[in-house]
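1. I need the structure of the sequence given here:
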Amino acid sequence: MKHYAISAGLVSGLLTIILFGAIYSISPRWMLHPFLYWGSMVIFLGGMLGACLLAKRRGNGVLSFREGVRHGFLTFVIANCLFLVFYYLLFNWVNPELPQIQLEMMQEYAEQNLMGKELRDQKEWLATQDFTLQFRDLIFGFARGAIGGFLLSLIIALVVRQEA
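-> Numbering: from 1, shown residues only. As a prediction, the model looks like this:
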């Protein structure tokens with residue numbers, strides 16, 4: 001029964017990787033933009049919803065809340081694992097200068113949008129930060145994402161469920 005979620009997770013993860021890879025090939029700075037990062041969640045949501053709807057259709061229109069959460073969350077976990085491995089490899093092997101580019105982008109943003117004490121504080125804070133992507137950061141990012149993915153799974157299951 002969970003193979004819908006596995007397939008949807010693989011497709012969602014690969015589509016997200018393709019999107020980020022294409023944007024990276026145009027401009028690494030564009031790939032690091034928060035809008036792309038958060039906007040790519042639409043792909044995950046589509047996969048989660050698709051897995052639930054397919055399971056519901058294969059269940060003759062019946063999908064319990066519990067099964068909806070399982071399908072949605074498993075889809076999210078698989079897609080997020082694929083994406084995070086890609087992101088880690090990109091930061092650490094493909095282009096180890098991405099952390100420096102990210103720092104420069106944050107400095108530019110601060111210069112354009114902050115003034116006075118806020119700007120000084122932000123510059124001081126940025127000077128103390130390590131933007132390299134370590135394995136522990138990957139694990140923490142996965143855990144943080146899993147919480148959000150679970151909440152999204154709950155919402156999708158509420159919307160899609162159809163009890164017998």
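2. so where do the helices sit in the protein?
-> If DSSP state H is used as the criterion, the helices of the chain fall at 3-26, 28-31, 34-39, 41-58, 65-89, 98-113, 116-128, 135-160.
3. List the buried residues in the third one.
-> The reference is to helix 34-39. For helix 34-39, the neighbour count (16 or more other Cβ atoms under 10 Å) marks no residue as buried. C-beta: built from backbone N, CA, C; applies to glycine.
4. which residues are in contact with it?
-> 19-20, 23, 30 (Cβ atoms under 8 Å, 6 or more residues apart in numbering).
5. out of those, who's nearest Leu90?
-> Phe20 (7.8 Å; Cβ to Cβ).
6. ok, back up a step: select only the buried ones of the contacts of helix 34-39 in PyMOL?
-> Listed next is the PyMOL selection for buried residues among the contacts of helix 34-39, using 16+ other Cβ under 10 Å:
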select buried, resi 19+20+23
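7. Kindly reformat the contacts of helix 34-39 as TSV and extend each row with distance to Gly39 and pLDDT.
-> Converted to TSV, those look like this (distance: Cβ to Cβ, whole Å; pLDDT from 0 to 100):
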residue	distance to Gly39	pLDDT
Leu19	9	97
Phe20	11	97
Ile23	11	96
Trp30	12	94
